[in-house]
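Visitor: Fold the stuff below for me.
(chains A and B)
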Amino acid sequence: MKIHLKGGRLIDPVSGSDASVDLIIVDGRIVKIGASLSADSSYEVIDLRGKFVVPGLIDIHVHLREPGYEHKETIETGCAAAAAGGYTAVCCMPNTNPPIDDESVARYVHETGKRVCDGIVDVFPIAAATKGRAGVELSPMAELVDAGAVAFSDDGSPVMSAEIMRRALEYSSMFKVPIIQHAEEATMTKGGCVNEGEVATRLGLPGIPPIAEQLMVERDLGLLRYIPSARYHVAHISTKGAIEAVRRARAEGLNATCEITPHHFTLTDDVVASFDTNTKMNPPLRTADDVAAAKEALRDGTIDVIVTDHAPHTIDEKEVEFTVAPFGIVGLETAVGLCITELIEPNVLTLYQLIEKLSTNPRHILSLPPILVKEGEPANLTLIDPSVKWMVDVNAFRSKSRNSPFHGKVLRGRAIGIINNGKIRLML
Amino acid sequence: MKLSSRHLLGLDGMSKQEIQLILDTAVSFKEVLERPIKKVPPLQGKTIANMFFESSTRTRLSFELAERRLSADVVSFTTAGSSVAKGETLKDTARNIEAMKIDMVVIRHSAAGAAHFLSRVVQANVINAGDGSHEHPTQALLDMFTLREKRGSLEGLRVCIVGDIQHSRVARSNIFGLKTMGAEVSVCGPPTLIPRGIASLGVTVYHRLEDVIPQVDVLNVLRIQLERQERGLFPSLREYHRYFGVTKEKMARAQKPATIMHPGPINRDVEISADLADGEHSVILQQVTNGVAIRMAVLYLLGTSQ
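Guide: A predicted model of the protein is given here:
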């Protein structure tokens, strides 16, 4: 493997680089970085003029569905979707069957990731915080960390018991990994399927009150204040109230971080009026007010990470009555385009900020080694065409599933390649 | 003039002209229903399936009568004994029924949006006979028809819908339709049964019947269901009746006698006192009569336009 990346704009928040450079990569390692380098004809030359070279993107909230729900997605098809979307790493949630609450399952997921798609996408399991994700007993966290788990979460289900949440935060603080909370005060959300408010009222659909997210975040932040050595990360934050709670906690100096999905900063619950089940996700799409608060929080750094919550479901599972349809949409193959279209073009974020939220910050939060774009370091890079306009076509997805509300939407910008673990994959 | 859609899914977004057209068409059909021979031929050769995934007596009977009086061939099923119990999806059930060459489908379902869903997966005209807490357009149309008959015009008419607004498709369709027709609409009930953001639909919210009764021309009283008590939304039927039950004593505050409506079935002496329900200002049975005429109008307008 001898590659000459020519003329790309290297945007690296870690080194502070933002300049057009050439990179020479040999056997997966960066051997030279500089302006207008020359290399002999044995190198594969990739012309990246007008394109970005950034540290490899990581999505720390995906559902790969294996083991147990391979009809929706497998680790292989999920990794293919990740690669196509420009991700060199994904962290998959434990709501599989069996769940990732045991070292054998964690190891299986981690090792399978090395085997599929040439091992170009790193797969890091997020293990269950409690056995069976039932919220009653702690999972074997030390064993799970040794088997490759990078965080703990009962995602899909909130940890409802304050006592268990306290113990999960305490116990996990030994490993410097966060507890990722699906923040939902579940006694208030039973049966709900869309944001409680004007749209739900108009459509007669059972609501999920925004206060239910805020209440759970506030409870957890109270626990974190009591156990300041723990790390707490809010999954897919969606409400203004919860965002403000995290902002206050950060100002206090607590180890609290949070993430948001592209659909939660792009869409509002108005789109539910079609009763299209691809607009049904949990947390639900919220209001324009929440979207504005999310953009502000992305800008001021309260929201650290952008994740997709990639949640594959088959067409038959989704083509049912709205109230019975499963929650969730796929996102790996539309995220970069949505980020550039919704955050970069309208100047919500700078390019540095965006790359921080897609690569640097999530790795830091999970205590993964930083990606260094330096001579002598392994090449872990994503290549992005920031200006190409393309139309989302769910039928072209590498994911096994097609459940996206963005079918037919024109986006600007997409990933055109990834380099990781000595492998390169180009989507030119 | 024709309706703009091939389906009747709801009154949200329907124009004043379209509602007017349905109401005017129903006038002629009501006249048909007064004749000794109550059958007319416009839907001869058309087949209509009534798919009731939720129990209903009056709405189903009303639709079936309307269909037969328009000379359509009618097949009906309810969930009991159907394939739904065997775990078949709504999509498959609908497609199977359609494979039997059905022209129109009337659907009642417990899920909001079920009629919208159906209209996307079958070719037939779809008529919503009630989808969850979303809409029940023919009920609101027959309510408006009855009010127009009784009060002359809907413009400026002051209508209060009383009770469980949160879970009521009748309330939603009435709000959409009445607002479009220029009526002033209010709702009254305990805050636990009034959905958040209802004011955005252009209605005024009251929590005391005593406050709203002097302000309105019409009270449309909704059925209260015991299961809402079990979910903690109100403490007891006794308390509900005492504070939100519409009674003769409370109606004494009205400046002029208000018209009393109820979509049925009535819980006598719970949400409405028996004497009022059977009293001179009640139009509850006219609503039922008019239901057939309205459904004939809707079926006719959808079934004869190409």
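
Visitor: which residue packs closest to residue B:47, ignoring adjacent ones?
Guide: Among residues not flanking residue B:47 along the chain, residue B:73 sits closest, at 4.6 Å (CB to CB, 6 or more residues apart in numbering or on different chains). Heads up, the C-betas are built off the backbone N, CA and C, glycines and all.

Visitor: repeat for residue A:84
Guide: residue A:398 (4.6 Å).

Visitor: so who does that neighbour touch?
Guide: Residues near residue A:398 by CB atoms under 8 Å, 6 or more residues apart in numbering or on different chains: A:77, A:80, A:81, A:83, A:84, A:333.

Visitor: host element of it?
Guide: Counting by DSSP states H and E, no helix or strand carries residue A:398.

Visitor: Give me the distance between it and residue A:81.
Guide: Per CB to CB, to the nearest Å, residue A:398 is found 5 Å from residue A:81.

Visitor: for residue A:112, same thing?
Guide: Residue A:112 is 15 Å from residue A:81, by CB to CB.

Visitor: Can you pick out the residue with more neighbours from the two?
Guide: Counted by other CB atoms under 10 Å in any protein chain shown, residue A:112 and residue A:81 do not tie: residue A:81 has more neighbours, with 29 against 18.

Visitor: which ones are touching the more buried one?
Guide: A:73, A:310, A:330, A:332, A:333, A:397, A:398, A:399.

Visitor: again, only this time at 6 Å
Guide: Contact analysis of residue A:81 by CB atoms under 6 Å, 6 or more residues apart in numbering or on different chains lists A:332, A:333, A:398, A:399.

Visitor: now residue A:319
Guide: Going by CB under 6 Å, 6+ apart, the list of residues near residue A:319 reads residue B:91.

Visitor: make it 8 Å
Guide: Residue A:319 neighbours (CB under 8 Å, 6+ apart): A:277, B:89, B:91, B:121.

Visitor: Excluding chain neighbours, what is closest to the last one?
Guide: Spatially, and ignoring its direct neighbours in sequence, residue B:121 is nearest to residue B:91 (5.2 Å; CB to CB, 6+ apart).

Visitor: For the most centrally placed residue in chain A, give its distance to residue B:69.
Guide: In chain A, the centroid-proximal residue (CA atoms, centre = their mean) is residue A:307; its distance is 2.2 Å. Distance of residue A:307 to residue B:69, given as CB to CB: 58 Å.

Visitor: what does residue B:278 give?
Guide: 28 Å.

Visitor: do the same with residue A:96
Guide: Taking CB to CB, one finds residue A:96 at 57 Å from residue B:69.

Visitor: the more surrounded of these two?
Guide: Taking neighbours as other CB under 10 Å, residue A:96 and residue B:69 compare with residue A:96 leading, 24 against 21.

Visitor: dump the residue contacts of that one.
Guide: Here residue A:96 is in contact with A:64, A:65, A:66, A:67, A:68, A:69, A:105, A:109 (CB under 8 Å, 6+ apart).

Visitor: Narrow those residues to just the buried residues.
Guide: A:64, A:65, A:66, A:67, A:69, A:105, A:109 (16 or more other CB atoms under 10 Å in any protein chain shown).

Visitor: In space, what's closest to the closest residue to chain B within the stretch 301-428 of chain A - neighbours in sequence excluded?
Guide: Distances between the stretch 301-428 of chain A and chain B by CB to the nearest CB are smallest at residue A:321, namely 3.6 Å. Closest residue to residue A:321 apart from its sequence neighbours, by CB to CB, 6+ apart: residue B:111 at 3.6 Å.

Visitor: Going along the chain, name the helices of the stretch 101-250 of chain B.
Guide: Assigned by DSSP state H, counting those that start in this stretch, the helices in the stretch 101-250 of chain B fall at B:114-121, B:137-151, B:169-180, B:209-212, B:226-230, B:237-244, B:248-251.

Visitor: quick one: buried residues of the last one?
Guide: Which is helix B:248-251. Buried, per 16+ other CB under 10 Å, within helix B:248-251: B:250, B:251.

Visitor: all helices for chain A, in order.
Guide: A:75-85, A:103-115, A:141-146, A:162-172, A:198-203, A:210-226, A:240-252, A:262-266, A:288-300, A:315-318, A:335-339, A:351-355, A:361-365 (DSSP state H).

Visitor: so for the shortest one, what's the average pLDDT?
Guide: Averaging pLDDT along helix A:315-318 yields 95.

Visitor: Contacts (any at all) between chain B and it?
Guide: Yes - Helix A:315-318 lies within reach of chain B by CB under 8 Å from any CB of the partner chain, at residue A:316.

Visitor: Quick one: distance of that helix to the chain centre.
Guide: From the chain centre to the centre of helix A:315-318 is a distance of 23 Å (CA atoms, centre = their mean, to the nearest Å).

Visitor: Could you do the longest one as well?
Guide: Helix A:210-226 has its C-alpha centroid displaced from the chain centroid by 22 Å (CA atoms, centre = their mean).

Visitor: List the buried residues for that helix?
Guide: A:210, A:212-221, A:223-224.

Visitor: Please apply the same query to the second one.
Guide: Neighbour-count burial for helix A:103-115, with 16+ other CB under 10 Å as criterion, is recorded at A:103, A:105, A:106, A:107, A:108, A:109, A:110, A:112, A:113.
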